[in-house]
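Trainee: prediction below, plus the sequence it came from.
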Amino acid sequence: MGSPPVVADVCLEECLKAVHKRRDAFHVFVLPRLFTPAWTRLFHKLCDFVAVIPVGSPHWPSAMHEPLWIGLSLPFIRHHPWALRGTPLLVELARELREVLSTGQGDGGSILHKLLRTSRRLTGLSKRVARGVLRLPREGTVPDESTRGLQGQPVVQTRQA
C-alpha cells in the first residue's frame, strides 16, 4: 500500500489527464492545505484560478485548522492564448477574490460568477473581441516606450572595417 503523498500525486496526475481530455468542461478542485510542496506544484499546474479560504471564515470554521484551497480549471477557448491562465482579466479577478476572502466582507460569489460567465461567453466570440475582453493587447501592435530591450537599435549589426 502506497503512502498518502504517492496516492495524492497519482490523483492529481489523473486530474491533469482529465482536464486535457475534457477541454470544454469546468473542473473544480477543493483541498485542505495538508499537502507537501510537490502537491502544491501539481495543484497550481492543474488549476487556472486558485483561491484560498482562510481558517475562521464563515465558510471554513476554525476547527478545520488549515485553510481550504479551491482551484478552477477553466475550459480552453478556441483562440490564442487558448487557456485563460495568466490573462490580465483572470489575474485581476483572482486579486479581487483574495481581497474579499481575506477581509471577510463577502463570499466572493459574484466574482466567481463573473469568472465562470466570462469564460463560457468567450467560446462564441471572435478572436479580436475575445482579446479585448481578456484585456490582451491586439496582435501586431507596435511596442511603446515602456518596452525595454533593443529599442532604437538595428536588428542586424553591421561591422565597419
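Mentor: Cool, got the structure.
Trainee: before we move on, which element is the closest residue to residue 137 other than its chain neighbours in?
Mentor: Closest residue to residue 137 apart from its sequence neighbours, by Cβ to Cβ, 6 or more residues apart in numbering: residue 131 at 7.6 Å. Using the backbone N, CA and C atoms, a C-beta is placed for each residue, glycine as well. Element membership for residue 131 (DSSP states H and E) is helix 127-133.
Trainee: quick one: buried residues of the host helix or strand of residue 115?
Mentor: Using DSSP H and E, residue 115 falls within helix 109-121. By 16 or more other Cβ atoms under 10 Å, the buried positions in helix 109-121 come out as 111-112, 115-116, 118-119.
Trainee: could you dump those to a markdown table with pLDDT and distance to residue 18?
Mentor: Compiled in a markdown table, the buried residues of helix 109-121 are given as follows (pLDDT from 0 to 100; distance: Cβ to Cβ, whole Å):
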| residue | pLDDT | distance to residue 18 |
| --- | --- | --- |
| 111 | 87 | 25 |
| 112 | 85 | 21 |
| 115 | 83 | 20 |
| 116 | 81 | 19 |
| 118 | 82 | 23 |
| 119 | 78 | 18 |
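Trainee: quick one on the thing from earlier: give me the distance between the residue nearest to residue 137 and residue 102.
Mentor: Using Cβ to Cβ, to the nearest Å, residue 131 is found at 31 Å from residue 102.
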